[in-house]
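Student: Okay, predicted coordinates and the sequence, questions at the end:
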Amino acid sequence: MYQTDPPQPAKVALPTMYDLPSEYLEDSGLPDEFHILQSQLLRETFSTPNYPADQVLVATDLNLYYDTHNPLWYKRPDWFAVVGVSRLYEQRDLRLSYVIWQESVAPFVVVELLSPGTEKEDLGQTLREVSQPPTKWEVYERILRIPYYIVFDRYTDKLQAFQLVADSYHPIDLSTPQIWMPSLQVGLGLWQGTYTNSQFASRNSQLKNLDAAKLSWFPSVSIFSRIGITKELNACGYAGTIQQGIGFPQQ
């Protein structure tokens, strides 16, 4: 359908980001509030000293198109980060989606926030049906070969992480709920504190990032003071806070 004679490179012959947006009328509704706020916290705290800020793309609920033979197939991670690519599409435009054959760089880390309806697929416990696209696990592990895949269940505070070793994902020991990614000099793990950037309350955990120099978790006041977000520590919690979660602490 998209082939020419002589053949053209996939970047030229196949649909571009403008042809493959993340929002269609038939798509399901937006994520719940926790997904929005948890992804927002990850976005605000993710930073690596190994790449300039304009060479780091952080995305939330952005379609990820991955198959040149089936260019309309996509997955939509809750959150992912790509390093070594322009934050802007062709260094000039906000992204409507992320198209692998346009970028030639796969995400470095993906985070999925478990929901009852997606848990089995997120954890690789579903089988691919005949004539259907590959499962999320297959795409991340075998097609895109994403180095780190992280799954978090806010109802149980259970954090699971997988690292690509050779051709398959291997679980990371999380006896201490922290994941260190040495090539980026950044880590991720469970965090407890109060995040008041949005009106939301949760009694469970959040994800946040780990500081490269000290390998320790900073109080949320220190983490966010540099970007001007008001917050406070509050063990009991109140409306307008996220109590605990996952993220990427910074100095």
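Tutor: Nice, I can see it.
Student: Could you check how far the nearest residue to P15 once chain neighbours are set aside is from V85?
Tutor: Nearest residue to P15 in three dimensions, chain neighbours excluded: P71, at 5.3 Å (Cβ to Cβ, 6 or more residues apart in numbering). To be clear about C-beta, it is placed using only N, CA and C from the backbone, and glycine gets the same treatment. Applying Cβ to Cβ, to the nearest Å, the value for P71 to V85 is 19 Å.
Student: before we move on, what about W79?
Tutor: 16 Å.
Student: Compare those two and say which is more crowded by neighbours.
Tutor: Higher neighbour count among W79 and V85: W79, with 27 against 20, using other Cβ atoms under 10 Å.
Student: Count the residues that sit near Y51.
Tutor: By other Cβ under 10 Å, 16 other residues sit near Y51.
Student: before we move on, which element is P133 in?
Tutor: Applying DSSP states H and E as the criterion places P133 outside every helix and strand.
Student: ok, it - contacts?
Tutor: 67, 70, 73, 139 (Cβ atoms under 8 Å, 6 or more residues apart in numbering).
Student: so the third one touches V99, yeah?
Tutor: Read that as W73. No: in this structure W73 lies outside contact range of V99 using Cβ atoms under 8 Å: 11.4 Å.
Student: Common neighbours of those two, please.
Tutor: Common neighbours of W73 and V99, counting by Cβ under 8 Å, 6+ apart, are Y65.
Student: who's more crowded, these two?
Tutor: Between W73 and V99, counted using other Cβ under 10 Å, the more crowded position is V99 (25 against 17).
Student: partner residues bridging the residue nearest to the more buried one when sequence neighbours are not counted?
Tutor: Leaving out its chain neighbours, the residue that sits closest to V99 by Cβ to Cβ, 6+ apart is Y65, at 4.6 Å. For Y65, the beta-bridge partners are Y74, V99 (DSSP bridges).
Student: hang on, Y65 packs against W73?
Tutor: Yes: the criterion here is Cβ under 8 Å, and Y65 meets it with W73 at 7.0 Å.
Student: quick one: secondary structure of D61?
Tutor: Following DSSP: H, G, I helix; E, B strand; the rest coil, the label given to D61 is coil.
Student: just checking, it touches R76?
Tutor: Yes: D61 is within contact range of R76, at 5.7 Å (criterion: Cβ under 8 Å).
Student: Run through the residues that contact the residue nearest to V99.
Tutor: 15, 20, 71-74, 97-101.
Student: which two in those residues are spaced the farthest apart?
Tutor: With distances taken as Cβ to Cβ, the most widely separated pair in those is L72 and Y98, at 14.5 Å.
Student: out of these two, which sits in the busier spot?
Tutor: Y98 (26 against 10).
Student: Give the full set of residues in contact with the closest residue to that one other than its chain neighbours.
Tutor: Counting by Cβ to Cβ, 6+ apart, L64 is the residue found nearest to Y98 once chain neighbours are left out, at 5.1 Å. For L64, the contact set (Cβ under 8 Å, 6+ apart) comprises 74-77, 80, 97-98, 100, 107, 144.
Student: R95 too?
Tutor: Taking Cβ under 8 Å, 6+ apart, we find R95 in contact with 17, 57, 59, 62, 88-89.
Student: how far away is it from F34?
Tutor: R95 is 24 Å from F34, where distance means Cβ to Cβ.
Student: Which pLDDT value goes with K208?
Tutor: On pLDDT, K208 comes in at 59.
Student: repeat for Q38
Tutor: pLDDT recorded at Q38 is 83.
Student: Tell me the spacing between it and W137.
Tutor: Per Cβ to Cβ, Q38 is found 21 Å from W137.
Student: Give me the more crowded residue out of those two.
Tutor: Q38 (30 against 20).
Student: is it fair to say the more buried one lies in a strand?
Tutor: No: counting by three-state DSSP, Q38 falls outside a strand, being helix.
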